[in-house]
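Visitor: Give the three-dimensional model of this entry:
(one chain, ligands or ions: 1)
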Amino acid sequence: MARPGWHPHLWHPFTQVATADPPLRVVRGEGALLELEDGRRLIDAISSWWVTLHGHGEPAIAEALARQARTLEQVGFSDFRHPAAEQLAERLAACSGLERLFFSDNGSTAVEVALKIAWQWWRNRGEPRRQLIAFDGAYHGDTFGAMAVGERSLFSEAFEPLLFAVARAPWPATWWGDDGVEAREAAALERLEQLLETPTAAVILEPLLQGAGGMALVRESFLRRVEALVRASGALLIADEVMTGFGRSGHLFACQRAGIQPDLMALSKGLTGGFLPMGVTLAREAVFEGFIGTTPGLTLFHGHSFTANPLGCAAALASLTLLEERPERHQGFEARHRPHLETLARHPLVRRPRLLGSVAAFEVATDAPGYLNPVGQRLQRLALARGVFLRPLGQVVYLLPPLCIDDDQLARCYAVIEEALSSL
Ligand code: PMP
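Guide: Now for the predicted structure:
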C-alpha cells in the first residue's frame, strides 16, 4: 500500500508507519551536516546513531577505503588473513590491553560473540557456569543473545519466551546535583555480591554510560567496585563499549577512564569512523587459550561471511589514526559541552543533567518517563524545524555529535534545544 512520504519498498527499524513522521531523504553528508534533497542542511547532533565519529565524509577514511577497494575488498577469514586485519588487531591490542580480536559485523554481534566466548570458555574448562549477570536498564543490541542480556522492554516483549534467563543487578545512575548515589551504589553492590554467590560465567555492562537504555551514567568508583566483586567471583567481565568506545568518554575507552580492565570487550559504531558496519570482540589471551586443543568442541564455531572485511579494517585503521593524531578533539569535548549544559540545566523543564566526554544528556520533566513518552517526538520535530537532528529516548534528550562539530554548530544545538523546550 502506497503511503505519502514513505518509500513503497523500504522497511525502517524501530519505526511505526502508522504514527511516525516519514523519514527525511538525505542526499549528502559533510562534517557535522546532513543535506536533504530539498537543500535544507541539518546538524547531525547524534552522529547518525552514534557512529559518525569524526564527521560525515571524512576524507582520510574515504581515501583509505578507495585504496583498499582497489587492493582487496573481501576474502574468507578462516583460510586467509590479510594485512589490514593484522594491523588492526595489533593496534587495538596495543591500546586496549586485550590481545585477541574476533571480528563480526555490528554491535549486537560483537556482544553475541562475547557472550558465546564467555559461556563456552567455562564449558571448555570442564566447569560449566550457567549464570549470566547484566544490569537493569542495559541495552546490548537486538539479536537474541543481546536482547536477552538487555533490559526486557517493549523492544524484546514479542520474543520474551525465546530469551534465556539473566540475573540482574541495579544500575545506580547519577547526575549533576544527585545526593542519593552512595545509597543506591551500596544497594547495587550488595545485590551483585549476592548474585555472584551463584557460579557466574560472565557479567556484562556498558562501562560508565548506558546508551539506548537512557544515557544513564554511573561513577567511575562504582565500576571499580563492580570489577573487584567480579574478579573475586572468577566470572569474566564483559565491557560493551559499542557506544562508549573510541573516545566517546573522553578516553579512548570508558574502561580506561574508569580504571577497570575487562576480559572481553565489544566494539562497533565508531570503530570504522561510522563508514562501514563492523564489530569486534576483544579478548584476553587467557580466554583465547581456553579454546585451543585437539578435543572436538573446543573450537569457537561462530563466524560471518564478512568476517574481517578488508574495507572495514581499512576504515577502522584510518579512523584510529585520526584519533591518535588529534587526541585533543575527544579529550577536550567534555569541556566544550560543560558551559552549555550548565546554562541549559537552569531551564525549568530540565532534570538530571549529566555529561561524559562528547555525550551530554538530560531529562525533560514529566510524570510518565519511558521510551514512548511523546515529549521525545515533539522535541525532535521542533528541533528539526530549526535545523538540528535529535532523536530523544522518550524524555531523555542527548547530544552526541561528531568530533568535528565546530563551536557555532554546538552552540546552535543547545540554543535549539532551549527554544524547543520553551515551546513545548
Ligand atoms: N551495545 C550498545 C551499548 C549499543 O549502544 C548498541 C547500539 N545502540 C549495541 C550494542 C548494538 O549495536 P548495533 O546496533 O550495531 O547492533
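Visitor: what residues does the stretch 51-200 of the chain put near the ligand?
Guide: For the stretch 51-200 of the chain, the residues found near the ligand under the criterion C-beta under 6 Å from any ligand atom are 106, 107, 108, 111, 139, 140, 141. For glycine as for every other residue, the C-beta is placed from the backbone atoms N, C-alpha and C.
Visitor: mind putting those residues in JSON lines, neighbour count and secondary structure included?
Guide: JSON lines is the format used below for those (neighbours: other C-beta atoms under 10 Å; DSSP: H, G, I helix; E, B strand; the rest coil):
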{"residue": "106", "neighbour count": "21", "secondary structure": "coil"}
{"residue": "107", "neighbour count": "31", "secondary structure": "helix"}
{"residue": "108", "neighbour count": "22", "secondary structure": "helix"}
{"residue": "111", "neighbour count": "29", "secondary structure": "helix"}
{"residue": "139", "neighbour count": "25", "secondary structure": "coil"}
{"residue": "140", "neighbour count": "31", "secondary structure": "coil"}
{"residue": "141", "neighbour count": "24", "secondary structure": "coil"}
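Visitor: Show me which pair in these is furthest apart.
Guide: Among these, the pair separated by the greatest distance (C-beta to C-beta) is 106 and 139, at 13.6 Å.
Visitor: Tabulate the residues of the stretch 51-200 of the chain next to the ligand (a markdown table), appending distance to residue 330.
Guide: Formatted as a markdown table, the entries for these read as follows, by distance: C-beta to C-beta, whole Å:
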| residue | distance to residue 330 |
| --- | --- |
| 106 | 22 |
| 107 | 19 |
| 108 | 24 |
| 111 | 23 |
| 139 | 22 |
| 140 | 23 |
| 141 | 24 |
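Visitor: about what we covered before: overlap in contacts of residue 106 and residue 139?
Guide: A shared contact of residue 106 and residue 139, defined by C-beta atoms under 8 Å, 6 or more residues apart in numbering, is any residue touching both; here there are none.
Visitor: Report the separation between the residue nearest to residue 412 when sequence neighbours are not counted and the ligand.
Guide: In this structure, residue 412 finds its nearest non-sequential neighbour in residue 43, 6.3 Å apart by C-beta to C-beta, 6 or more residues apart in numbering. Here residue 43 is placed at a distance of 20 Å from the ligand (C-beta to the nearest ligand atom, to the nearest Å).
Visitor: Identify the residues contacting residue 43.
Guide: Counting by C-beta under 8 Å, 6+ apart, residue 43 touches 32, 33, 387, 388, 389, 401, 405, 409, 412, 413.
Visitor: now with 7 Å?
Guide: By C-beta atoms under 7 Å, 6 or more residues apart in numbering, the contact set of residue 43 is 32, 33, 387, 388, 389, 409, 412, 413.
Visitor: May I ask which of those residues has the most neighbours?
Guide: For the contacts of residue 43, counting by other C-beta atoms under 10 Å, the largest number of neighbours falls to residue 413: 27 neighbours.
Visitor: Look at it and report its pLDDT.
Guide: Per-residue pLDDT puts residue 413 at 98.
Visitor: Run through the residues that contact the residue in the chain that the ligand sits nearest to.
Guide: Evaluated by C-beta to the nearest ligand atom, the chain has residue 107 as its residue closest to the ligand, separated by 2.1 Å. With contacts taken as C-beta under 7 Å, 6+ apart, residue 107 has the following neighbours: 141, 242, 266, 268, 269, 279.
Visitor: I'd like to know which of these is nearest to residue 87.
Guide: Ranked by distance to residue 87 (C-beta to C-beta), the contacts of residue 107 are led by residue 279 at 17.7 Å.
Visitor: What helix or strand is the residue lying closest to that closest one once chain neighbours are set aside located in?
Guide: Once its chain neighbours are removed from consideration, residue 279 has its nearest residue in residue 110; the separation is 3.3 Å (C-beta to C-beta, 6+ apart). Following DSSP states H and E, the helix or strand that holds residue 110 is helix 107-124.
Visitor: starting at the chain centroid, how far to that helix?
Guide: 18 Å (C-alpha atoms, centre = their mean, to the nearest Å).
Visitor: cool, stretch 23-36 as well?
Guide: Relative to the centre of its chain, stretch 23-36 is centred 22 Å away, using C-alpha atoms, centre = their mean.
Visitor: Could you do stretch 324-338 as well?
Guide: Averaged C-alpha coordinates place stretch 324-338 at 18 Å from its chain's average position (C-alpha atoms, centre = their mean).
Visitor: Likewise for stretch 6-15?
Guide: Using C-alpha atoms, centre = their mean, the distance between the centre of stretch 6-15 and that of its chain works out at 23 Å.
Visitor: Buried ones in stretch 11-29, by neighbour count?
Guide: Buried residues in stretch 11-29, defined by neighbour count with 16 or more other C-beta atoms under 10 Å: residue 29.
Visitor: Only the C-alpha atoms, please, for that stretch, written as CSV.
Guide: Listed next in CSV are the C-alpha coordinates belonging to stretch 11-29 (Å, rounded to 0.1, in the frame of the first residue of the first chain):
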residue,chain,number,x,y,z
TRP,A,11,11.1,-1.2,6.0
HIS,A,12,12.7,1.1,8.6
PRO,A,13,14.0,0.0,12.0
PHE,A,14,12.1,1.0,15.3
THR,A,15,9.5,2.7,13.1
GLN,A,16,5.8,2.6,13.3
VAL,A,17,4.5,3.7,10.0
ALA,A,18,1.0,4.5,11.4
THR,A,19,2.4,7.1,13.8
ALA,A,20,5.9,8.2,12.8
ASP,A,21,6.8,11.1,10.5
PRO,A,22,8.1,9.8,7.2
PRO,A,23,11.9,9.6,7.0
LEU,A,24,13.7,12.6,5.5
ARG,A,25,15.6,12.0,2.3
VAL,A,26,19.3,12.6,2.7
VAL,A,27,21.4,13.1,-0.3
ARG,A,28,24.8,14.1,1.2
GLY,A,29,26.8,14.3,4.4
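Visitor: which other residues reach that stretch?
Guide: Around stretch 11-29, the neighbours that count as contacts under C-beta under 7 Å, 6+ apart are 3, 5, 6, 34, 35, 36, 37, 56, 57, 381.
Visitor: what does the stretch 201-350 of the chain put close to the ligand?
Guide: Where the stretch 201-350 of the chain comes near the ligand, counting by C-beta under 6 Å from any ligand atom, the residues are 206, 211, 212, 240, 242, 243, 268.
Visitor: got any ranges where the stretch 201-350 of the chain has weak pLDDT?
Guide: Per-residue confidence of the stretch 201-350 of the chain (counting by pLDDT under 70) places no residue in a weak region.
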